[in-house]
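Student: next comes the sequence, and after it the predicted model I'd like to discuss.
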There are 2 protein chains.
Amino acid sequence: MPDPDCLFCRIAAGEISADVISQDELVVCFRDVAPQAPTHILLIPRQHIASAAQLTEDHGPMLGRLFASAAAIARAEGLAERGFRLATNAGAGAGQSVDHLHFHLLGGRSFSWPPG
Amino acid sequence: MPDPDCLFCRIAAGEISADVISQDELVVCFRDVAPQAPTHILLIPRQHIASAAQLTEDHGPMLGRLFASAAAIARAEGLAERGFRLATNAGAGAGQSVDHLHFHLLGGRSFSWPPG
């Protein structure tokens, strides 16, 4: 169920505007408002899932759709050659700032290691 | 099909030893030999998939299993409170060093932003 107090539920519902790249019945993809790379897109499930710590096998279809969307966006953004990084933070201690599962797709620059 | 020249296919097949945390018919999880955090585990599909750039909806069941495994490992490693970060690099330009899809699960320390 959508959480009326959740920023990303409200973006998914169209109640708060965002620079949406693609969306379907499972997943919504939009540009991060604080981009950390030339391409920085957030991919979220429409379903309110607090973080990756809550994922189960039942989320397989959503995850398949989400990662297929990531690959398609990477191609559309011209990242096939240079590559891209996908990351998600689970918990405030790891840097999660919105408690709705989101994957960051970053590309268009070089990346250091470790990932933060 | 396994790639006989792929390090991670060979680890999944048991031909090369690794510190395996868990495994089943879809996913193998083992500790990174160059850990970047107190907990640093790699999660890979048994199937040879070059990178996240090749993912499609058909990979949903594997992804569901992989992320359920990540959540279970995070609980087992005591990361529920402090949180954890999951990341994957697609392409050498993004830091991918083995051309077999792998997700890094990092935890047990604080993380900076952006993720590399």
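Tutor: Here it is on my side, so go on.

Student: which other helices and strands does the top helix by length along chain A contact?
Tutor: Ranked by number of residues, the top helix in chain A under DSSP state H is helix A:60-76. Packing partners of helix A:60-76 (3 or more CB pairs under 8 Å, 6 or more residues apart in numbering or on different chains; DSSP states H and E): strand A:20-23, strand A:27-31, strand A:39-45, strand A:103-107, helix B:60-76. Just so you know, the C-beta spots here come from the backbone N, C-alpha and C atoms, and that holds for glycine as well.

Student: hmm, who's touching it?
Tutor: A:21-22, A:24, A:26-27, A:29, A:41, A:43, A:45, A:47, A:55, A:80, A:84, A:86, A:103, A:105, A:107, B:52-65, B:67, B:90 (CB atoms under 8 Å, 6 or more residues apart in numbering or on different chains).

Student: show me the contacts for the residue most central in space within chain A.
Tutor: The centroid of chain A falls nearest to residue A:43 when counting by CA atoms, centre = their mean (2.3 Å). By CB under 8 Å, 6+ apart, the contact set of residue A:43 is A:27, A:28, A:29, A:66, A:69, A:70, A:73, A:102, A:103, A:105.

Student: tell me, what's the model's pLDDT at residue A:86?
Tutor: We have a pLDDT of 98 for residue A:86.

Student: and for residue A:2?
Tutor: So, for residue A:2, pLDDT stands at 77.

Student: out of the contacts of residue A:43, what pair is the most spread apart?
Tutor: A:73 and A:102 (13.8 Å; CB to CB).

Student: those two: who's more crowded?
Tutor: More neighbours surround residue A:102 than the other of residue A:73 and residue A:102, with 25 against 19 (other CB atoms under 10 Å in any protein chain shown).
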